[in-house]
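# structure of the sequence below:
(2 chains)
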2 protein chains.
Amino acid sequence: MPIVDIHTHVYPPSFMALLRSRTSVPYVREFPDNPSAGSRLVILPAEDTASNSRGRPVGPEYYDIKEKIAFMDIHKIDISVISLANPWLDFLPSKQAAETARRVNDDVERMCGEYPGRLYAFGTLPLSAPATDVEEEIERLGTLKHMRGVIMGTSGLGSGLDDPALDPVYEALEKTGQLVFLHPHYGLPNSVYGPRASNYGHVLPLALGFPLETTIAVTRMLLSGVFDRVPKLKVLLAHSGGTLPFLAGRIESCVAHDAHLKKEGKMANHRSVWSVLKENIYLDAVIYSHVALKAAIDTSGSDGIMFGTDHPFFPPLEEGEKEWLSFRTNYQAITTALGEDQKQADMVLGGNAMKILGLAG
Amino acid sequence: MPIVDIHTHVYPPSFMALLRSRTSVPYVREFPDNPSAGSRLVILPAEDTASNSRGRPVGPEYYDIKEKIAFMDIHKIDISVISLANPWLDFLPSKQAAETARRVNDDVERMCGEYPGRLYAFGTLPLSAPATDVEEEIERLGTLKHMRGVIMGTSGLGSGLDDPALDPVYEALEKTGQLVFLHPHYGLPNSVYGPRASNYGHVLPLALGFPLETTIAVTRMLLSGVFDRVPKLKVLLAHSGGTLPFLAGRIESCVAHDAHLKKEGKMANHRSVWSVLKENIYLDAVIYSHVALKAAIDTSGSDGIMFGTDHPFFPPLEEGEKEWLSFRTNYQAITTALGEDQKQADMVLGGNAMKILGLAG
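Below you'll find the model as predicted:
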């Protein structure tokens, strides 16, 4: 059975050129007075300090597809379903968005074509463009050979994924059989991490901000009834759903005990959280522990979980380590969680993705 | 084996009198122009609207210990370890804090004495008082017959539980063998719930804000090295640890991949998240699903999980329902998660609490 990585990012050359042309967040720049800093990517306002090593280094592992293939070869990954990394196209002025999306998606499609059988992709939507442009791009993505859905952040059209104005987007995705890969980006306000957060490197926003953002975004979708209105929408959640498999029971209980919702009859006909998690939601296996992976499997079924790496993020800190610790941790979580059941482990490692995304190796 | 409820709240009469005497958050008041609203408790600034039904109803189930005993009898709960509900004494001016804490703790101790063998308690600390007063109250609580530790929010002395100024408090608790029951209260900034949050009743802050607050607070403790400096500190986490059992792997991985922390050598000698979760942290079983409870058991061991109800919160919405749905959901999560292993289920339902807290029924 092939190994398939469904959570693996690229900034294709066209997107890098766009980021290099910009002077406000998000952007990429060099610092002539600190050449050792290399090219730096600044994607969040909080990172945009005065430092000449602000943001994070962005090297060829982000934009040179040969590096992706080399990573795949080292780790015996047969197929990668690549996707643009955050912040996608959320920041574009409305007028440029549609054309930029087409250019970036074509660039990604071209990359896939260069390595037949090894690369597929999730496209990116021009969410700041007029609705008809978004729907046109969804239609167009459905015709591209290697595209299997779209990646999307949690801001939607600017006010979240529970925005009723997104319904036509969800419906177009449902109609064309493309899934939405939901991925966090904005995190939580810095205030929640307290006055000592800078002592802890990037741990708090990365380890907690991202999964909590996903949890809140999807719970808002659940409560707004997206999955009632678009019942066949398929969503793939990054990082095993943030924390949803763990909190699903509490969410369901809070709904059942909410006097206000009951009085208004609002949730009376909603599908349960459990039903949506089982029938509409796929989870990646990027969760770094067999404990959590077991909860993910219990929630979305072992046929709904797909291996991923989050490459090129979380590289090893030691020079010369060929196998990445982040890869190994997630790989071992699967084999540990599924114990002796090699067949199920194989499905999570690749079989599910082949089937769900209709891939051919 | 007795059934023990370790997560069950009271506002003893002395605390109710304090809240009734106040005119700013937190406070309790009646609204003469809306008598049907009854006594209303307003505990968070966001609830303090102009409405004459603001906050939430607060009836005898909160302050009349007979109601607690009646709830216990209906649900066959043998022993309850009662604790003051949020916001505890966080809001008190420094000068009043120590005396108020003594009065409230004595009131709770008196309640326990009235029902021998049925009630124990966690005390409350005057965290806004001078440090020596806090340590004196810890010493004093250690001498009260029914006290088994303290309940605490996430603000600590005002800037979080990763505040080094709390070390003497943690050390005094460690020394006197009292555990800290950490409980959320402040939630997350409303902005994270987006512009449609008011459509969803109280679900988002209750279902997500509380557990996410706990997760962030404890992760800050872990990263600041509290458990390295006070290695025998015992902490009981509300709501099965917020989301910690699910996110522990991601936290550990983010620490291992943080170039900044590595460069500064900060985490080199820290105990792992898994070790702290296993050796220092107990989890309640207030998580409303067997999926999450299994993750909690995998994390802190079936000998580290203790049944709880969160009474009197989450009452049934239907009139005349004797057995509470919130009780039943948490009870069934235990029997489902532990399947046929009745002995382990009994330990989670009561045996662990008897042993860990040294209770006698």
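
# and the strands in the stretch 1-150 of chain A?
A:4-10, A:27-29, A:40-42, A:56-57, A:79-84, A:119-124, A:147-152 (DSSP state E, counting those that start in this stretch).

# quick one: closest of these to chain B.
strand A:56-57 (9.3 Å; C-beta to the nearest C-beta). C-beta here means a position set from N, CA and C on the backbone, and glycine is covered the same way.

# run the chain-centre distance for that closest one.
In terms of C-alpha atoms, centre = their mean, to the nearest Å, the centre of strand A:56-57 is set 20 Å apart from its chain centre.

# contact partners of it?
The contact list for strand A:56-57 (C-beta atoms under 8 Å, 6 or more residues apart in numbering or on different chains) reads A:37-41, A:47.

# now tabulate the strands of the stretch 1-150 of chain A in CSV and tack on mean neighbour count and mean pLDDT.
CSV is the format used below for the strands of the stretch 1-150 of chain A (neighbours: other C-beta atoms under 10 Å in any protein chain shown; pLDDT from 0 to 100):
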stretch, mean neighbour count, mean pLDDT
strand A:4-10, 26, 98
strand A:27-29, 19, 95
strand A:40-42, 21, 94
strand A:56-57, 14, 88
strand A:79-84, 25, 98
strand A:119-124, 26, 98
strand A:147-152, 25, 98
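
# residue at max distance from the center of chain A?
In chain A, the residue that sits farthest from the middle, by C-alpha atoms, centre = their mean, is A:K263; the gap is 36.5 Å.

# quick check: which element contains that one?
helix A:259-264 (DSSP states H and E).

# please list all residues in contact with A:K95.
With contacts defined as C-beta under 8 Å, 6+ apart, A:K95 is in contact with A:A129.

# these two touch, right, A:E114 and A:K66?
No. The criterion here is C-beta atoms under 8 Å, and A:E114 misses it with A:K66 at 9.4 Å.

# the residue of the stretch 251-361 of chain A found nearest chain B: neighbour count?
Evaluated by C-beta to the nearest C-beta, the stretch 251-361 of chain A has A:S289 as its residue closest to chain B, separated by 2.7 Å. Using other C-beta atoms under 10 Å in any protein chain shown, A:S289 has 29 other residues around it.

# contact partners for it?
A:S289 touches A:329, A:333, B:248-250, B:252, counting by C-beta under 8 Å, 6+ apart.

# let me know how buried A:L18 is, in neighbour terms.
Counted with other C-beta under 10 Å, the neighbours of A:L18 add up to 21.

# so who does the closest residue in space to it that isn't next to it in sequence touch?
Among residues not flanking A:L18 along the chain, A:T100 sits closest, at 6.7 Å (C-beta to C-beta, 6 or more residues apart in numbering or on different chains). Neighbour list for A:T100: A:18, A:89, A:92, A:126 [criterion: C-beta under 8 Å, 6+ apart].

# returning to what we had before: distance of the residue farthest from the centre of chain A from B:L317?
For A:K263, the distance to B:L317 equals 9 Å [C-beta to C-beta, to the nearest Å].

# one more: A:G201?
Spatial separation of A:G201 from B:L317 under the definition C-beta to C-beta is 45 Å.

# those two: which is more packed in?
Neighbour count, other C-beta under 10 Å: between A:G201 and B:L317, A:G201 has more, with 22 against 14.

# that one against B:H257, yeah?
No. Between A:G201 and B:H257 there is no contact under C-beta under 8 Å: 9.3 Å.

# so which of the strands of the stretch 1-150 of chain A is nearest B:G225?
Closest approach to B:G225 among the strands of the stretch 1-150 of chain A (C-beta to C-beta): strand A:56-57, 25.8 Å.

# ok, which stretches of the stretch 251-361 of chain A are strands?
Using DSSP E, counting those that start in this stretch, the strands of the stretch 251-361 of chain A run over A:281-284, A:305-306.

# could you dump those to JSON lines with distance to B:P57?
Shown next, in JSON lines, are those (distance: least, C-beta to C-beta, whole Å):
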{"stretch": "strand A:281-284", "distance to B:P57": "36"}
{"stretch": "strand A:305-306", "distance to B:P57": "43"}
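
# pick out the residue nearest the middle of chain A.
Of all residues in chain A, the one closest to the mean position by C-alpha atoms, centre = their mean is A:H183, 3.1 Å from it.

# and that residue, how far from A:G242?
Relative to A:G242, and taking C-beta to C-beta, A:H183 is found at 10 Å.

# hey, what's in contact with both of these two?
A:T214.

# so where's the stretch 251-361 of chain A shaky on pLDDT?
A:361 (pLDDT under 70).

# that one against chain B: which residues are in contact?
Neighbours of chain B within the stretch 251-361 of chain A, by C-beta under 8 Å from any C-beta of the partner chain: A:251-262, A:266, A:287-292, A:294-295, A:298-299, A:314-317, A:325-326, A:329, A:333.

# those, buried ones only, as a PyMOL selection?
Only the buried members of those end up in this PyMOL selection, burial being decided by 16 or more other C-beta atoms under 10 Å in any protein chain shown:
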select buried, chain A and resi 251+252+253+254+255+256+257+258+261+262+266+287+288+289+290+291+292+294+295+298+299+314+315+316+325+326+329+333
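
# in helices only, show me the residues of the stretch 251-361 of chain A next to chain B.
Counting by DSSP state H, the members of these that fall within helices are A:251-256, A:259-262, A:290-292, A:294-295, A:298-299, A:325-326, A:329, A:333.

# nearest residue to A:F313 other than its sequence neighbours?
A:F313's closest residue in space is A:H9 (C-beta to C-beta, 6+ apart), at 7.1 Å.

# for that neighbour, give me its contacts.
Contacts of A:H9 (C-beta under 8 Å, 6+ apart): A:62, A:82-85, A:310-313.

# make sure A:H239 is actually in contact with B:L247.
No. Applying C-beta under 8 Å as the test, A:H239 and B:L247 come out as separate, 9.1 Å apart.

# overlap in contacts of these two?
A:P211.

# give me the nearest residue to the residue in the stretch 101-250 of chain A that chain B sits nearest to, chain neighbours excluded.
The stretch 101-250 of chain A approaches chain B most closely through A:G249 (2.7 Å), counting by C-beta to the nearest C-beta. Of all residues beyond its chain neighbours, the one nearest A:G249 is B:S289 (2.7 Å), with distances taken as C-beta to C-beta, 6+ apart.

# pretty sure A:M347 is touching A:G304, no?
No. A:M347 is beyond contact range of A:G304, at 10.0 Å (criterion: C-beta under 8 Å).

# so how far is A:G59 from A:M16?
For A:M16, the distance to A:G59 - C-beta to C-beta - is 11 Å.

# more crowded one of those two?
Ranked by neighbour count (other C-beta under 10 Å), A:M16 and A:G59 place A:M16 first, with 19 against 13.

# which ones are touching the more buried one?
With contact set as C-beta under 8 Å, 6+ apart, A:M16 has these partners: A:28, A:58, A:62-63.

# repeat for A:E174
Listed by C-beta under 8 Å, 6+ apart, the contact set of A:E174 reads A:230, A:232-234.
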